[in-house]
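Undergrad: all I have is the shape, not the residue letters:
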């Protein structure tokens, strides 16, 4: 566990070890599990690299205890990897705030959120149902109101959960591949494969 003082700023990345069938499971319904796993690996590498480029920010990865050793090898020496207490996303989020004691919410277009931060730990903030669903943001805000917490928002963004999300991300990274070079490379190969499959299907 990192030992931080009150002036430290920490960006904690929620992650799992990139294993087939364990990551991006909604996306794996339309793409081969191995391809989805490689995409996840690229996304995580680019996210860690982007986080490490931020000045004055400590970077850590929070993961299930079973993934600790694999992600320590993945992250290298520059990023701390911390095992969460308990199972599931809610337990992971509680572990982040209890461990780092870091209200900002980054909403996603599908009703979830991609970012959450706070000035202090609030154990009940992630209790209850709604995690990983289209009502996750509403559930989080309801719990924040119950705890009488003020909430600010960042710019809404989108998740990478379904194939349509890949098309959108590919278009964005085609214009600025340096933002996420590994993911941009994967998406370029993916687009070429999709084009080949469509050509083959049209020729039948």
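TA: On my side now, so go ahead. Bear in mind the structure is a predicted one, so any value in this text is a computation, not a measurement.
Undergrad: buried residues, the longest helix belonging to the chain. List them.
TA: When the chain is parsed with DSSP state H, its longest helix is helix 181-202. Along helix 181-202, these residues count as buried under the neighbour rule (16 or more other CB atoms under 10 Å): 182, 183, 184, 186, 187, 190. Backbone N, C-alpha and C define where each C-beta goes, glycine included.
Undergrad: most widely separated two among those residues?
TA: 182 and 190 (12.7 Å; CB to CB).
Undergrad: where along the protein do the strands fall?
TA: 10-14, 58-63, 80-83, 104-107, 113-117, 152-153 (DSSP state E).
Undergrad: relative to the shortest one, what are the paired strands and their orientations?
TA: Neighbouring strands of strand 152-153 in its sheet, by DSSP bridges, are strand 104-107 (parallel).
Undergrad: what mean pLDDT does the partner strand get?
TA: Averaged across strand 104-107, pLDDT comes to 72.
Undergrad: please report the distance of residue 169 from residue 179.
TA: In this view, residue 169 and residue 179 are 10 Å apart by CB to CB, to the nearest Å.
Undergrad: ok, the two, which is more surrounded?
TA: Just comparing residue 169 and residue 179: by other CB atoms under 10 Å the higher neighbour count belongs to residue 169, 18 against 12.
Undergrad: measure that one to residue 190 for me?
TA: For residue 169, the distance to residue 190 - CB to CB - is 10 Å.
Undergrad: one more: residue 170?
TA: For residue 170 relative to residue 190 (CB to CB), the value is 7 Å.
Undergrad: same check on residue 156?
TA: Per CB to CB, residue 156 is found 25 Å from residue 190.
Undergrad: same deal with residue 166?
TA: Using CB to CB, residue 166 is found at 7 Å from residue 190.
Undergrad: next one: residue 11
TA: Distance of residue 11 to residue 190, given as CB to CB: 28 Å.
Undergrad: likewise for residue 40?
TA: Distance of residue 40 to residue 190, given as CB to CB: 13 Å.
Undergrad: what do you get for residue 158?
TA: Computed as CB to CB, the residue 158 to residue 190 distance reads 17 Å.
Undergrad: list the buried residues of stretch 42-60.
TA: By neighbour count on 16+ other CB under 10 Å, the buried set for stretch 42-60 is 42, 43, 44, 45, 46, 47, 48, 51, 58, 59, 60.
Undergrad: in CSV: these, plus pLDDT and distance to residue 142.
TA: CSV is the format used below for these (pLDDT from 0 to 100; distance: CB to CB, whole Å):
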residue, pLDDT, distance to residue 142
42, 97, 35
43, 97, 30
44, 97, 30
45, 96, 35
46, 97, 33
47, 95, 28
48, 95, 32
51, 92, 29
58, 86, 31
59, 90, 31
60, 89, 28
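Undergrad: which one of those residues is nearest to residue 97?
TA: If you rank the buried residues of stretch 42-60 by distance to residue 97 using CB to CB, residue 60 comes first, at 12.6 Å.
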